[in-house]
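Colleague: With the sequence up front, the predicted model follows.
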Amino acid sequence: MDASAIDDVLDTRPQRFRATVGVVLIALACGLGAWVFFRGPSPFAIDVWWNQLFASAPSQPLLVFAIAMDTVGGHLTAVLIVPVLGALALFLSRRRWSALYFVTASVGSALLVQVVKHTFGRARPQDILIVSDYGSFPSGHTANAATIAVVAAVLFPHLWVRIVGVAWVVLMAFSRTYLHAHWLSDTAGGALIGAGAALILAAAFSRLRARDEDRLAIRSARKTDAATAAES
């Protein structure tokens, strides 16, 4: 990372903006959850419409895809394997604070999802095709997908990373509703919470992550100087 990129990490203005956006996203998710709670058990009209799109016999390829997404995006895979492997890869690439950021964002998002689930206690659709835990709002799978997408975009700010991240969140949300494990609004709430948690913690870890990038920049400069000296 060059000097200008490090300055961008250290600049408090974009970090304050990230934190503010994160807080707003989580507040919107909580507001949506409160709306769900106080209006009673009846789902939103858009929830019913979306659920009925898949009310007929499911397509076998799509069902297999949705079940695969259920396994990859939740359970032991999402809670333990993905955060550990991702953090390990970052640690081995000498981005130790980025590794801690990834783990903290994953854990923080998951905990926040559980708090919101038990606060609002929304019932899942009755035609659910899989066995799942308590609480429909928000979607934990979608929250986890959004957390990973935002963390990846923060650590690797390339357009293709953002495109892949958005696609991952959309596909996860689709798979959750295809299995009737969630209402459409549940996936929206999950995406808001996952993205919000990742943005807030990105701001909190910004200076620590900058140390990693500073060390990598110095190491790269030394290697370049050594190579230049060897050639001369």
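Modeller: Thanks, I have the structure now.
Colleague: So for stretch 40-47, first residue to last residue, what's the gap.
Modeller: 14 Å (CA to CA, to the nearest Å).
Colleague: likewise stretch 112-126?
Modeller: 25 Å.
Colleague: Show me what the strand or helix carrying Gly194 is packed against.
Modeller: Assigned by DSSP states H and E, Gly194 belongs to helix 184-204. Packing contacts for helix 184-204, counted by 3 or more CB pairs under 8 Å, 6 or more residues apart in numbering; DSSP states H and E, involve helix 12-38, helix 45-53, helix 96-120, helix 140-155, helix 159-178. Placement of C-beta: from N, CA and C, glycine included.
Colleague: tally of neighbours for Glu213?
Modeller: Glu213 is flanked by 21 other residues according to other CB atoms under 10 Å.
Colleague: State the helix or strand in which it lies.
Modeller: Applying DSSP H and E, one finds Glu213 within helix 206-231.
Colleague: which sections of the protein are below the confidence cut-off?
Modeller: Segments of the chain classed as low confidence (criterion: pLDDT under 70) are 1-12, 57, 214-232.
Colleague: Give me the most central residue, it.
Modeller: Thr147 (1.4 Å; CA atoms, centre = their mean).
Colleague: residue contacts, that one?
Modeller: Taking CB atoms under 8 Å, 6 or more residues apart in numbering as the criterion, Thr147 is in contact with Ala105, Ser106, Ser109, Gly194, Ala195, Ala197, Ala198.
Colleague: Done for today, thanks.
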